[in-house]
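Novice: Quick one: sequence plus predicted model below, questions after.
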Protein chains: 2
Amino acid sequence: AATATTLKGQPLDRPALDSMLRRRMFYTPSFEIYGGVAGLYDYGPPGCSLQANIVDVWRKHFVLEEDMLEVDCSVLTPHEVLKTSGHVDKFADWMCKDPKNGEIIRADHFVEEILENRLKGDKEARGQKIEEKEEDPKKKKRKAKGTLEAVKLDDAVVKEYEETLARIDNYNGEELGELIKKYDLKNPATGVQPSPPVAFNLMFQTAIGPSSNLPGYLRPETAQGQFLNFSKLLEFNQGQMPFASASIGRSYRNEISPRAGLLRVREFLMAEIEHFVDPQGGKKHPRFTEVKDVELVLLNRETQLAGQTKVEKVSIGQAVANGTVDNETLGYFLARIHLFLQKIGVDQSKIRFRQHMANEMAHYAADCWDAELFTSYGWVECVGCADRSAYDLSVHAKRTGAPLIVREHRPKPLVVEEWQVDLNKKKFGPHFKKDGKTVEAAVEATTQEQRETLAKDLGEKGSITLEVAGVGDGKVEIPKDLITIEKRTRVEHVREYTPNVIEPSFGIGRILYALMEHNFWTRASEGGDEARGVLSFPPTVAPTKVLIVPLSSNEKFRPICYKLSQKLRKVGISSRIDDSSATIGKRYSRNDELGTPLGITVDFQTVQDSTITLRDRDSTKQVRADEDKIIAAIQSVANGSKQWKDIEAELPIFEGQEVEIATR
Amino acid sequence: AATATTLKGQPLDRPALDSMLRRRMFYTPSFEIYGGVAGLYDYGPPGCSLQANIVDVWRKHFVLEEDMLEVDCSVLTPHEVLKTSGHVDKFADWMCKDPKNGEIIRADHFVEEILENRLKGDKEARGQKIEEKEEDPKKKKRKAKGTLEAVKLDDAVVKEYEETLARIDNYNGEELGELIKKYDLKNPATGVQPSPPVAFNLMFQTAIGPSSNLPGYLRPETAQGQFLNFSKLLEFNQGQMPFASASIGRSYRNEISPRAGLLRVREFLMAEIEHFVDPQGGKKHPRFTEVKDVELVLLNRETQLAGQTKVEKVSIGQAVANGTVDNETLGYFLARIHLFLQKIGVDQSKIRFRQHMANEMAHYAADCWDAELFTSYGWVECVGCADRSAYDLSVHAKRTGAPLIVREHRPKPLVVEEWQVDLNKKKFGPHFKKDGKTVEAAVEATTQEQRETLAKDLGEKGSITLEVAGVGDGKVEIPKDLITIEKRTRVEHVREYTPNVIEPSFGIGRILYALMEHNFWTRASEGGDEARGVLSFPPTVAPTKVLIVPLSSNEKFRPICYKLSQKLRKVGISSRIDDSSATIGKRYSRNDELGTPLGITVDFQTVQDSTITLRDRDSTKQVRADEDKIIAAIQSVANGSKQWKDIEAELPIFEGQEVEIATR
């Protein structure tokens, strides 16, 4: 396992980053003055804005670019819907209880942590350097999961542990229970083995309506609302296939013991796409050629089952061609996901796509690849891309009788030659009396082959004999005046099928957190005092685009700043004036921490000649020009058409102030 | 009560509008294939887009324009928070039960409906025309709330009923119960009186965590998250007051028996502002002068208590000056709310601001005005603007000990002359032994006046005598070696206060529904067949800005349409290509129903000279020009800088096609 690094390759000091993110109110534990609730967080102004910008890019990249049908469905969901979808029975994690102190433990995490700790102890005993893995400060506060003991293990045991860990997501509850027994895994807090794992359903339950007679849940995904509306969406799309719906909204999972900050939470924003595709014809995608050369880092299922984590970097065209990725549509979305992550500023060296193992897949999935991002918590699943096949539409159609299908006019009618049976109803009923229905069902159930033989019998013998369990002695004779069997031609003009679904599903909060880690770095101040944090977000997602700072509290600066902010707002650029009494250097530092890419200084020269300086967050370099030129430069950087180096090449460099800034 | 009308003053045919809105998938009942759940709706693509555009205008109009601090907080809320805020005890409606069939009935609605019905019956008996009030089709499906009986009432009774109805929101449960008895109100479904009203809490309950030991609710408003973060937000704002936070997100209310479509739902999007202001100095607002001439239609508390509904149209400046609206900050937001509603296209003649009556106000409110919009359901509360005073911050601070206050450096220190008491602790304790604490508390509790007298006594008599209940005979003597009382000067540099909160709170779904009614009208087709629906949304909020239609399925048109849509996307304009096989007229009709303001036709001339026609939804007029000019025209209409009449004046009118369109 590698060590997490900052944007500039420095070892990542997570506690320092975390404290900065909280100080700048990117996020904060919900209900903190009440002691907080595990797994619930609020976003403050910069986090809220960062989230809105990520969602905005997502909507443009996916919904608008591909004319997806966006819907906004209810979170409250009645029991019956989630019973049918399988969530009531299967949407669960494995939970153990410590018999001594009653602590509730998530089984897979428990096995993982203790085995990892033993491997560390082994390394220490062998005198190897232990890779520093930053600990979650919260985890420390709880109770340390076992003090590290330097105990050397057999080489075979080390290998076994490592292979177990590579497969950790593939074990079911029983298997996890066996591992706990086999390796004698004890809760370090009490020194006893926890109870065998039991399934714990992750959905929050509630009751809808005043008489509490309608049990319901908070949705665990946005997908179901999209499936239930399938027929209406198809009609809205004027019957054309394939098409995709999309939804951005909150979902809820009652995690057993959430830790890991923003990564494992109980309430989170999801963005999900349901792409409906004809299962016939290999799930081709018309725009696949546009992305076929995009290179992805893949970790496939076989590698993991072999207990390894070796990845390969291949173009998606190649991966689909050689069968690593099942089909073009799945491949198309993996590439589009990669391009999206790139666009918002995720570190390209910290993305991999991992295929799910069989037991790990959700109950509805036929295949699934996760986009994982590397963070100080290790590789974190941030986007899932599952092939849900026809599972959901089929179960809901079966349960409700709603036709969640596509009816497609066949360009060339399908001509079917087949044996058909007609009964003479007037005579058939009276002949068989109470057994009529049973005999009729038996006739209808005959296969084409049987009918061919029966037709021959009917012609030759004047009657047929059928086995019908429960009627008479189990054999029934039907004379020819009751039945006709003929070969006829049937013409089918319409084809009916249930579409398959490819589902890219984004956890916005996890992406947001990874983005913060990937864009964080520290800069030594020129004065040599402590390192200062910088968040180098791309301008498109940065919470605020421009900081406006007056040089001092001189009253001449205020109207200029205000006018500038109005002008920027008019061209759609968010800015913030900082006219606090802190030094310019401190104010810029604060905004480097907030990830604001550009800064304007208004000084005495501005009052005289209307020129202003523009500062780049990442290089701290400045240019100076008149207002219109600076605003044009800001626009081009904010919309991504230019980069700072272009601005430096176009406008005069300004060096007066930065010295002053850096030394304060 | 007036009758609801369309944008063009036609009587509003709600069933026709409703059926169009569902057919075009603006909204649809959630889980409809499972029979639906009352009070839950999904938005389809146009509804979803309309909602996003309204939210976008809201964010620009409020959050960006006034530098509000937007936050995004958890929906799941632990019991203790909502216990403290008063919601656990007081956030309830009055509910009755029919003893015969078990039906659960909302008490105020029950009284309202039956009295209204009796008044209608009276009018009929008097031979007056009954104003048509559109019935909710759902209501009909349930059971009619009493067939209309033409029974003449005494004039005095009519007056009494009318006054009761004008005050209906002011009754508590007991009073509603008395009305039911007094007027002998019976459930028409069973012919019996329902049981006396009991309070039903409207919050959805759930349990957080695996051991179900943390009861929680889905938030009924977004406000609490903002209050709990007050200290952090103040710090983020660098300590500067006043400031506002804002939040856009879902809230939940378990309505007793939701009807009235999108107007009374159990899950809804809110946009709330919490403006924190110093209670001293009359709650002035620095930007009040900018809005003082905005005219509002007001219905004040006194008028309603007198059993009337007479409104007055006054400038907000005047309303604040004469005390109808309590203060500038409240007045400022009422005006800003009005301007927002105007901007998104709410009919100006269908807005009024109604002041809450005392019993009607939420438990936290000191004053409240609702922006009500007139619809076919009558006047509907769409925005509340409450003065929550210091209620919420105070109760949370008291419960948690968190300092939810402002500490303000006094420009001029406050100098206080006061009598101070010092005890000689070494001697005091041993002297009074077990009564020490009680006596000390009694000393500390003395007023300034008492201390002045006591100081004199101490000087003259060498001791003081205090009444201390429960110690000795209730009188305690304290000798002067145990106590000093002196007049001293205390200098206060910092002022501490709990801010007051003005809260404009928007129900986005209700605004969205009213907007659809206000912008709907029907146009007779030239052919004379049935009237066609049009939704004349302003371009800023219209779900899609441009429809692109190729004249026919000729293959030369497709790449031109695609290129146009790419170009529009690049300048940030959403478009949709309709290349279905329907006639151009039908395709335009469909898009009039979707509220798309502009349409482009690509025809054979386009292939030759790259000119395209642009059609206006409202007038159906067309212009023709080259692509660049048309795109510029679209941009200016979409961003609101020009109107269609400007485009008509600038570009050549095109008349060829519309004839064909209108007659098909």
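Specialist: Cool, the structure landed. Only a predicted model underlies this, so the values are computations on that prediction, with no experimental measurement involved.
Novice: So in chain A, where's the weakest helix or strand by average pLDDT?
Specialist: In chain A, the helix or strand scored least confidently by mean pLDDT, DSSP states H and E is helix A:137-141, which has a mean of 41.
Novice: Which secondary structure elements does whichever helix or strand comes after it sit against?
Specialist: For helix A:137-141, the following helix or strand on the C-terminal side (DSSP states H and E) is helix A:155-166. Helix A:155-166 sits against helix A:107-125, with contacts defined as 3 or more C-beta pairs under 8 Å, 6 or more residues apart in numbering or on different chains; DSSP states H and E. The way it works is simple: take the backbone N, C-alpha and C, and place the C-beta from them, glycine included.
Novice: and the helix it packs on, what's its mean pLDDT?
Specialist: Model confidence over helix A:107-125 averages 90 on the pLDDT scale.
Novice: swap in stretch A:320-338?
Specialist: Rounded mean pLDDT across stretch A:320-338 is 96.
Novice: And stretch A:363-381, by the same measure?
Specialist: Rounded mean pLDDT across stretch A:363-381 is 91.
Novice: how far away is the nearest residue to A:Asn53 once chain neighbours are set aside from A:Val55?
Specialist: Spatial nearest neighbour of A:Asn53, excluding adjacent residues (C-beta to C-beta, 6 or more residues apart in numbering or on different chains): A:Val541 at 4.3 Å. A:Val541 sits at a distance of 10 Å from A:Val55 (criterion: C-beta to C-beta, to the nearest Å).
Novice: just A:Asp18 next, same as before
Specialist: Counting by C-beta to C-beta - A:Asp18 and A:Val55 are separated by 23 Å.
Novice: what does A:Glu452 give?
Specialist: According to C-beta to C-beta, A:Glu452 and A:Val55 sit 61 Å apart.
Novice: Those two: which has the busier surroundings?
Specialist: For A:Glu452 versus A:Val55, the count of surrounding residues by other C-beta atoms under 10 Å in any protein chain shown is larger for A:Val55: 17 against 13.
Novice: and the more buried one, that's in a helix?
Specialist: Yes - applying DSSP: H, G, I helix; E, B strand; the rest coil, one finds A:Val55 inside a helix.
Novice: Let me see the contact set for it.
Specialist: Neighbour list for A:Val55: A:Ile248, A:Leu269, A:Ala271, A:Ile508 [criterion: C-beta atoms under 8 Å, 6 or more residues apart in numbering or on different chains].
Novice: quick check, nearest of those residues to A:Cys368?
Specialist: Nearest to A:Cys368, judged by C-beta to C-beta, of those is A:Ala271 at 17.0 Å.
Novice: Look at that closest one and tell me its secondary structure.
Specialist: Classified using three-state DSSP, A:Ala271 is strand.
Novice: Now for it: which residues touch it?
Specialist: Contacts of A:Ala271 (C-beta under 8 Å, 6+ apart): A:Val55, A:Trp58, A:Phe62, A:Ala246, A:Ser247, A:Ile248, A:Ser505, A:Phe506, A:Ile508.
Novice: quick check, nearest of those to B:Gln420?
Specialist: Distances from B:Gln420 to those, taken by C-beta to C-beta, are shortest for A:Ile508, at 57.8 Å.
Novice: For burial, what's the neighbour tally of the closest residue in space to that closest one that isn't next to it in sequence?
Specialist: Closest residue in space to A:Ile508, ignoring its immediate chain neighbours: A:Leu269 at 4.2 Å, by C-beta to C-beta, 6+ apart. Counted with other C-beta under 10 Å, residues neighbouring A:Leu269 total 22.
Novice: A:Leu298 against A:Val311, yeah?
Specialist: Yes - between A:Leu298 and A:Val311 there is a contact under C-beta atoms under 8 Å: 6.3 Å.
Novice: Give me the common contacts of the two.
Specialist: Common neighbours of A:Leu298 and A:Val311 (criterion: C-beta under 8 Å, 6+ apart): A:Arg352.
Novice: And those two? Which one has more around it.
Specialist: A:Leu298 (20 against 15).
Novice: sorry, back to before: if I pick the residue nearest to A:Ile508, what's in contact with it?
Specialist: A:Gln51, A:Val55, A:Ile248, A:Gly249, A:Arg250, A:Gly507, A:Ile508, A:Gly509.
Novice: Mind putting those into CSV with pLDDT and secondary structure?
Specialist: Formatted as CSV, the contacts of A:Leu269 follow (pLDDT from 0 to 100; DSSP: H, G, I helix; E, B strand; the rest coil):
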residue, pLDDT, secondary structure
A:Gln51, 98, helix
A:Val55, 97, helix
A:Ile248, 98, strand
A:Gly249, 97, strand
A:Arg250, 98, strand
A:Gly507, 97, strand
A:Ile508, 98, helix
A:Gly509, 97, helix
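Novice: How much space separates A:Phe520 from chain B?
Specialist: Between A:Phe520 and chain B the distance is 19 Å, computed by C-beta to the nearest C-beta, to the nearest Å.
Novice: Need the CA coordinates for stretch A:188-204. PDB is fine.
Specialist: Extracted as PDB, the C-alpha positions of stretch A:188-204 are listed here (Å, rounded to 0.1, in the frame of the first residue of the first chain):
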ATOM      1  CA  PRO A 188      -9.000  -5.200  21.500                       C
ATOM      2  CA  ALA A 189     -11.200  -3.200  23.800                       C
ATOM      3  CA  THR A 190     -12.400  -6.300  25.700                       C
ATOM      4  CA  GLY A 191     -10.200  -9.100  24.700                       C
ATOM      5  CA  VAL A 192     -13.100 -11.300  23.600                       C
ATOM      6  CA  GLN A 193     -14.300 -12.600  20.200                       C
ATOM      7  CA  PRO A 194     -17.400 -10.900  18.900                       C
ATOM      8  CA  SER A 195     -20.600 -12.900  18.200                       C
ATOM      9  CA  PRO A 196     -21.100 -14.400  14.800                       C
ATOM     10  CA  PRO A 197     -22.100 -11.900  12.100                       C
ATOM     11  CA  VAL A 198     -25.800 -11.200  11.500                       C
ATOM     12  CA  ALA A 199     -27.300  -9.300   8.600                       C
ATOM     13  CA  PHE A 200     -28.200  -5.700   9.400                       C
ATOM     14  CA  ASN A 201     -30.400  -3.900   6.900                       C
ATOM     15  CA  LEU A 202     -29.000  -0.500   6.100                       C
ATOM     16  CA  MET A 203     -32.200   1.300   5.300                       C
ATOM     17  CA  PHE A 204     -33.800   3.900   7.600                       C
END
